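S.K.: I'll drop the sequence and a predicted model, then ask my questions.
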Amino acid sequence: MLYLNPPEDLADELPGEPGFRVAQLHEWLYDHPTESTGQWSNFPKTLRDRLSTRLWPFTVEIEQTADRGTTVKWLFRTPDGVSIETVLMGYPNRVTLCVSSQAGCAMACTFCATGQFGFDRHLEAGEIVAQVAFANAFIRAGRMSGVPGRNEAQPSRVTNVVFMGMGEPLANYRRVRESLRRMNEVMGIGARSITVSTVGVVPGIRLLADEPWQVGLAISLHAADDALRSKLVPLNERYPLAEVEAAAAYYFEKKGRRVSIEWTMMNGVNDSQDQAGKLAEIALRLGAHVNLINLNPTPLSSERPSHNRTLQRFKSTLEHRGVTATKRETRGQEIDAACGQLRVRASN
Ligand code: SF4
């Protein structure tokens, strides 16, 4: 599969072909990706045909659009049968792709559809990068539409990548690291436009802090004391809050970039004033921004989203304490855009 080969080794895919052909292949894969090899106009037809089944390391099982065409979600299927979920979100001035880093996830967070399915396998660096290339090919084909305020200046490719799809990226460190390198150094996506989200894999946070790229770090906290957090996020038993906070502080110190805290709001679970107060203390110590995301409910979990009034009160409490907090816009609710939810549907 073409994307599974490191970009530097593409000559292996073209035995006997001249060097310029390798450079052309590199361009088609990383600079101007297309949905099929049929559009590779500078390639002989025999070669296009031979490579056609090697282009994508997955097939599209489900493609759904929502929000007037500005949100697209894919469920991809790999040749060995695992599924990958990817969500594309268009805004007037940026295009964000939410990628998966693992097929399934071993972290078993109670409120997450992916977590309830368990872990299949790590995704290869090429499988992560191919999600970005596929989205770029989709946009280039003119299939993304309807962004309010769309104009000539609007990006015609993915500008931002968030590792918030299926899987815990820092539990797949080596391959995620390589995918970051390819996105940044080969595809030209600014490191500052890439965010890695973790549920608190402390050694991974520290390793990432020592890497050369200025990627953003989002800590999925969801609870501000160990008792509650261990119930929602089993990994907390291994890496308790104090260790996660210390690693996040180290990240801030090394990168000079403030981290963000992700908080999925769950009715009657973590939306109390007590939790808001404790969260404010952590956020202030870290200088972190808080993103509040109302739960996208999944049939596999009994948790429900917070009431709007409760969410607003929670947010106000944070702000009164001096914490900057944003209620994250939830995209694609009608297409099950929370991670793991398309897979729930595919398995029914
Ligand atoms: S919330 Fe993230 S880390 Fe937790 S189970 Fe779901 S995918 Fe895994």
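M.R.: It's in. Treat the numbers as computed from the prediction; the structure is a model and nothing was measured.
S.K.: could you pull out the strands for the stretch 51-200 of the chain?
M.R.: With DSSP state E, counting those that start in this stretch, the ranges of strands along the stretch 51-200 of the chain come out as 59-66, 71-77, 83-90, 95-98, 102-104, 119-122, 160-163, 194-198.
S.K.: quick one: the shortest one near the ligand?
M.R.: No: judged by CB under 6 Å from any ligand atom, strand 102-104 stays clear of the ligand, getting no closer than 7.8 Å. Backbone N, C-alpha and C define where each C-beta goes, glycine included.
S.K.: check the third one too.
M.R.: No: interface with the ligand: strand 83-90 contributes nothing (CB under 6 Å from any ligand atom), its closest point being 9.9 Å away.
S.K.: what parts of the protein come near the ligand?
M.R.: Counting by CB under 6 Å from any ligand atom, the chain comes close to the ligand at 105, 107-109, 112, 114-115, 166-168, 199, 339.
S.K.: what's the closest non-adjacent residue to Ser230?
M.R.: Nearest non-adjacent residue to Ser230, counting by CB to CB, 6 or more residues apart in numbering: Asn236, 4.5 Å away.
S.K.: so where is the stretch 201-348 of the chain shaky, pLDDT-wise?
M.R.: 332-348 (pLDDT under 70).
S.K.: turn the residues of the chain next to the ligand into CSV, including neighbour count.
M.R.: Converted to CSV, the residues of the chain next to the ligand look like this (neighbours: other CB atoms under 10 Å):
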residue, neighbour count
Cys105, 27
Met107, 22
Ala108, 15
Cys109, 21
Cys112, 28
Thr114, 29
Gly115, 25
Met166, 29
Gly167, 30
Glu168, 26
Val199, 26
Cys339, 22
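S.K.: min pLDDT across those residues, which one?
M.R.: Lowest pLDDT among these: Cys339, with 54.
S.K.: secondary structure class for Ala11?
M.R.: helix (DSSP: H, G, I helix; E, B strand; the rest coil).
S.K.: give me the neighbour count for it.
M.R.: Residues contacting Ala11 under the criterion other CB atoms under 10 Å number 14.
S.K.: residues touching it, list them.
M.R.: By CB atoms under 8 Å, 6 or more residues apart in numbering, the contact list for Ala11 reads 19, 22.
S.K.: the one 4 residues further on too?
M.R.: Remark: with contacts taken as CB under 8 Å, 6+ apart, Pro15 is in contact with nothing.
S.K.: how much space between it and the ligand?
M.R.: Look at Pro15 and the ligand: by CB to the nearest ligand atom, to the nearest Å, they are 40 Å apart.
S.K.: which of the helices or strands spans that residue?
M.R.: Under the criterion of DSSP states H and E, Pro15 resides outside all helices and strands.
S.K.: please work out which of the strands of the stretch 51-200 of the chain is packed deepest.
M.R.: Counting by mean count of other CB atoms under 10 Å, strand 83-90 has the highest mean neighbour count of the strands of the stretch 51-200 of the chain, with a mean of 26.
S.K.: centre of the chain to that strand, how far?
M.R.: 8 Å (CA atoms, centre = their mean, to the nearest Å).
S.K.: repeat for stretch 38-47
M.R.: Stretch 38-47 has its C-alpha centroid displaced from the chain centroid by 32 Å (CA atoms, centre = their mean).
S.K.: give the burial count for Gly268, as a bare number.
M.R.: Count around Gly268 with other CB under 10 Å applied: 11.
S.K.: give me the three-state assignment for it.
M.R.: Relying on three-state DSSP, one would call Gly268 coil.
S.K.: and what of Tyr250?
M.R.: Here Tyr250 is helix, with the state taken from three-state DSSP.
S.K.: so who does it touch?
M.R.: 205-206, 209.
S.K.: out of these, which end up buried?
M.R.: 205, 209 (16 or more other CB atoms under 10 Å).
S.K.: just the ones in helices from the contacts of Tyr250, please.
M.R.: 205-206, 209 (DSSP state H).
S.K.: distance between stretch 261-271 and the chain's centre?
M.R.: The answer for stretch 261-271 is 20 Å, by CA atoms, centre = their mean.
S.K.: where's the nearest residue in space to Ser156 that is not next to it in sequence relative to Lys73, distance?
M.R.: Leaving aside its sequence neighbours, Ser156 sits nearest to Ile139 (CB to CB, 6+ apart; 5.9 Å). Distance of Ile139 to Lys73, computed by CB to CB, to the nearest Å: 15 Å.
S.K.: now swap in Ile261 and tell me
M.R.: Applying CB to CB to Ile261 and Lys73 gives a distance of 25 Å.
S.K.: sorry, back to before: ok, the contacts of Tyr250 vs Arg321, which is closest?
M.R.: Using CB to CB, Ile205 comes nearest to Arg321 of these, at 24.5 Å.
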